[in-house]
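Novice: Could you work out the structure for the sequence below:
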Amino acid sequence: RLSGARRAAASRLGPKVARELAALALRNAAFRVSLEPLGDGVHATGAETVEFLLAPNPGEPPKPLARTASGGELSRVMLALHGVLEATAEGRVMVFDEVDAGIGGAVADAVGRRLAGLARSHQVLCVTHLPQVAAYADRHFRVVKEVAGGRTRTRVERVEGESRVDELARMLGGREITAASRRNAEELLRAAGAARQAVGRRT
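Specialist: Numbers count the residues shown, from 1 in each chain. Predicted coordinates:
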C-alpha cells in the first residue's frame, strides 16, 4: 500500500514541480521522482528508496538533485517544492535563508514573486541579499552589526518609507547611494507592488 501511494504521489509531484520551475526561469527543466526497489525486502521506511532527479536543460537525462544541481538550481527547486506542497496547507511559518543563492536579475524577480505568492497563506520570513527579492516584502528589516566597547553587537531594525528606498539603493549599488540607484530602488518597489496586487496578495 505504501509503495502504491508513493508511485501515485510521484506521478503527480513531478509535473507540478516542473511547472513551478518554469515560472522560476527553469522553463525547460524536467523534474522526476525516482522510486528504486531495495531488493532485500521491506524495511521500516518502505520497500524502495526515493530520490529527486533534475534535468535543468533540454537533452540532458535527469540526474540526482543532491549531486548535480547548482546552488541556484537547488534554491529554485526547494521553492518550487514548497509552492506545490504548501499550496493547500494551513497557514505555517516558513523561513528561507539564502533561497536566492546563485541567482540574480530576472530570476531573482521570479523568486520574489513566488515568495510573495506563498505569503498569501503563510507567514514567510526570508533572509536575502538581493534587492529584487527584498522589494516584494510587506515588512523589510535590515541586520546591522556594530563594534562598541570591544564587543560586537547585532541589531535588527525595520526600514520603511524613504529609509527603505535608501536600503534597496544600497543593496543595488553598494555603500554609496546615488540618485540613479535610488530611482532604481523606487522602480523595484513600484513593480513589486503592482505584481502583488495582480495576484491578490494579502498583507
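Novice: so where do the helices sit in the protein?
Specialist: 2-23, 65-68, 71-85, 105-118, 131-134, 162-173, 179-198 (DSSP state H).
Novice: among these, which is nearest Gly46?
Specialist: Ranking the helices of the chain by their distance to Gly46 (criterion: C-beta to C-beta) puts helix 2-23 first, at 5.1 Å. In this view, the C-beta of every residue, glycine as well, is placed from N, C-alpha and C.
Novice: ok, the closest residue to Leu81 other than its chain neighbours - contacts?
Specialist: If you skip the residues right next to it in sequence, Leu81 has Val17 as its closest partner in space, 6.1 Å away by C-beta to C-beta, 6 or more residues apart in numbering. Residues touching Val17, when contacts are defined by C-beta atoms under 8 Å, 6 or more residues apart in numbering, comprise 31, 77, 80-81, 84.
Novice: Next one, pLDDT for Val17 please.
Specialist: As predicted, Val17 sits at a pLDDT of 93.
Novice: I'd like to know how far it sits from Val42.
Specialist: With the distance defined as C-beta to C-beta, to the nearest Å, Val17 ends up 28 Å from Val42.
Novice: So Thr178 is in contact with Arg170, correct?
Specialist: No - at 10.2 Å, Thr178 and Arg170 do not qualify as touching, with contact defined as C-beta atoms under 8 Å.
Novice: if you count what's nearby, which of these two comes out ahead?
Specialist: Ranked by neighbour count (other C-beta atoms under 10 Å), Thr178 and Arg170 place Arg170 first, with 17 against 12.
Novice: what's near enough to touch that one?
Specialist: Arg170 sits in contact with 177, 181, where contact means C-beta under 8 Å, 6+ apart.
Novice: one more time with 6 Å, if that's ok
Specialist: For Arg170, the residues meeting the contact criterion (C-beta atoms under 6 Å, 6 or more residues apart in numbering) are Ile177.
Novice: Could you check the pLDDT of it?
Specialist: Reading off the per-residue confidence, Arg170 sits at a pLDDT of 93.
Novice: Show me where this protein dips below the pLDDT cut-off.
Specialist: Counting by pLDDT under 70, the low-confidence segments of the chain come to 87-88, 199-203.
Novice: Tyr57 - how many residues pack around it?
Specialist: Actually, residue 57 is Asn rather than Tyr. When neighbours are defined as other C-beta under 10 Å, Asn57 has 9 of them.
Novice: Skipping its backbone neighbours, what lies nearest it in space?
Specialist: For Asn57, ignoring the flanking residues on the chain, the nearest one in space by C-beta to C-beta, 6+ apart is Asn28 at 6.4 Å.
Novice: which residue is nearest the middle of the chain?
Specialist: By C-alpha atoms, centre = their mean, the chain has its centre lying nearest to Leu79, at 4.1 Å.
Novice: any idea how far Pro56 is from that one?
Specialist: Applying C-beta to C-beta to Leu79 and Pro56 gives a distance of 15 Å.
Novice: Please name the nearest non-neighbouring residue to Ala23.
Specialist: For Ala23, ignoring the flanking residues on the chain, the nearest one in space by C-beta to C-beta, 6+ apart is Ala110 at 6.3 Å.
Novice: Quick check: that neighbour touching Leu26?
Specialist: No - counting by C-beta atoms under 6 Å, Leu26 is not a contact partner of Ala110; they are 9.4 Å apart.
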